[in-house]
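In: only geometry, no sequence info:
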Ligand SMILES: Nc1ncnc2c1ncn2[C@@H]1O[C@H](COP(=O)(O)OP(=O)(O)OP(=O)(O)O)[C@@H](O)[C@H]1O
């Protein structure tokens, strides 16, 4: 098993100029490793280059330069093996209208050379909750069902790496939950998962490692908790036994506000204060504390900080 499921070096993609549009460099020399066994989140604002990146992994877009290794196989040297190691669920919900879900999976298995005896089409449809739609007309499938069918299609050749481009866009909450359960199941069974999402809470909850892309460059790539810890400030919430007449004195660098008449919020940079000291300071002023909570920084803040105020190329 390779250490990294994906290894990308100096990856550049320049889309050629057309009559109306000038040439566009969507990826400006990206280096990225996706560790084997991770659930890896790829985040970035619209137009950052995420789909370009994923489409290059999938072999749908040709890179301009650089190297891509999938499951240890260099795309240029071992194209067949590198393609067999990856399954990609595209963003668009295009499904061939002439195939039933079952037939679609069988055709896909055929394309990947999966022998009949090893095909698991019905089993895979059951896992994504589409067993009763195995023989349905594709046009009768809802958006959520199509999305699940595309996940099933990406899994027929049992790839080591599964890439999901915006898997839950436009999917209702119940289906989203089901998608994630299935992704977690695949991950638990050993599949490395890469996903792009616009839902930051989702990335925060699902991914153990996150890369943020902006204007075709990787601006951060870290384990999720370490990325979150980049935001220095923390908030301490203190529930008070009695409503304070005024805000208590707090050390310099700490901001105090009342979120409710009896709920004191203290925002502080980790480098300036520690929670126990703040609790002690408030108690020393005669306030009785009945409950304590802390608020951790959110990925959204990190994301905004890293992608804000950079010139468009
Ligand atoms: N086929 C193409 N021809 C020319 N330019 C393109 C093409 N595909 C993408 N681009 C440009 O490359 C840049 C990156 O696009 P890409 O679709 O990879 O971004 P993205 O991060 O996936 O965005 P989104 O979140 O909106 O899907 C954009 O400026 C886009 O306009």
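Out: Done, it's in. No experiment lies behind these values; they were computed from the predicted model shown. Numbers count the residues shown, from 1 in each chain.

In: Grab the nearest non-local neighbour of residue 297.
Out: What sits nearest to residue 297 in space, not counting adjacent residues and going by CB to CB, 6 or more residues apart in numbering, is residue 231, at 3.4 Å. In short, each C-beta sits where N, CA and C put it, glycine included.

In: Provide a list of residues in contact with the one you found.
Out: Contact criterion CB atoms under 8 Å, 6 or more residues apart in numbering gives 297, 298, 301, 302, 305 as the residues in contact with residue 231.

In: which SS state does residue 55 fall under?
Out: Following DSSP: H, G, I helix; E, B strand; the rest coil, residue 55 is assigned to helix.

In: Do I have it right that it meets residue 63?
Out: No. If you go by CB atoms under 8 Å, residue 55 and residue 63 don't touch, sitting 9.8 Å apart.

In: Helices of the stretch 151-300 of the chain, residue ranges please.
Out: 173-188, 200-206, 224-228, 275-284, 299-307 (DSSP state H, counting those that start in this stretch).

In: The ligand contacts on this protein?
Out: 15, 24, 26, 44, 46, 47, 48, 49, 50, 51, 52 (CB under 6 Å from any ligand atom).

In: Let me see the contact set for the last one.
Out: When contacts are counted by CB under 8 Å, 6+ apart, residue 52 is found next to 13, 26, 27, 61.

In: pretty sure the first one belongs to a strand, no?
Out: Yes. The assignment for residue 13 by three-state DSSP puts it in a strand.

In: Please name the residues that touch it.
Out: Taking CB under 8 Å, 6+ apart, one finds 25, 26, 27, 49, 52, 56, 61, 63, 64, 216 in contact with residue 13.

In: at 10 Å instead, please
Out: 24-30, 49, 52-53, 55-56, 61-66, 216 (CB atoms under 10 Å, 6 or more residues apart in numbering).

In: same question, the third one
Out: Residues touching residue 27, when contacts are defined by CB under 10 Å, 6+ apart, comprise 8, 10-14, 48-50, 52-53, 56, 61, 63-66, 213, 215-218.

In: Mind giving me the ChimeraX select for the residues you listed, buried ones only?
Out: A single ChimeraX command selects the buried members of the contacts of residue 27 (16 or more other CB atoms under 10 Å):
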select :8,11,13,48,49,50,52,53,56,61,63,66,213,215,216,217,218
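
In: would you list every one of the strands in the stretch 101-250 of the chain?
Out: For the stretch 101-250 of the chain, strands defined by DSSP state E, counting those that start in this stretch occupy the ranges 161-165, 192-196, 209-214, 217-223, 233-240.

In: Can you give me the neighbour number for the closest residue to residue 213 other than its chain neighbours?
Out: With CB to CB, 6+ apart as the criterion, residue 213 has its nearest non-adjacent residue at 3.8 Å, and that residue is residue 44. By other CB atoms under 10 Å, the residues close to residue 44 number 24.

In: where does the stretch 201-313 of the chain have low pLDDT?
Out: 309-313 (pLDDT under 70).

In: What does the nearest residue to residue 251 once chain neighbours are set aside show for phi and psi?
Out: Distances taken as CB to CB, 6+ apart place residue 273 nearest to residue 251, at 5.8 Å, with adjacent residues excluded. Per-residue torsions, residue 273: phi -150, psi 170 (degrees, to the nearest 10).

In: residues contacting residue 273?
Out: Neighbouring residues of residue 273 by CB under 10 Å, 6+ apart: 234, 236, 250, 251, 252, 253, 254, 266, 267, 281.
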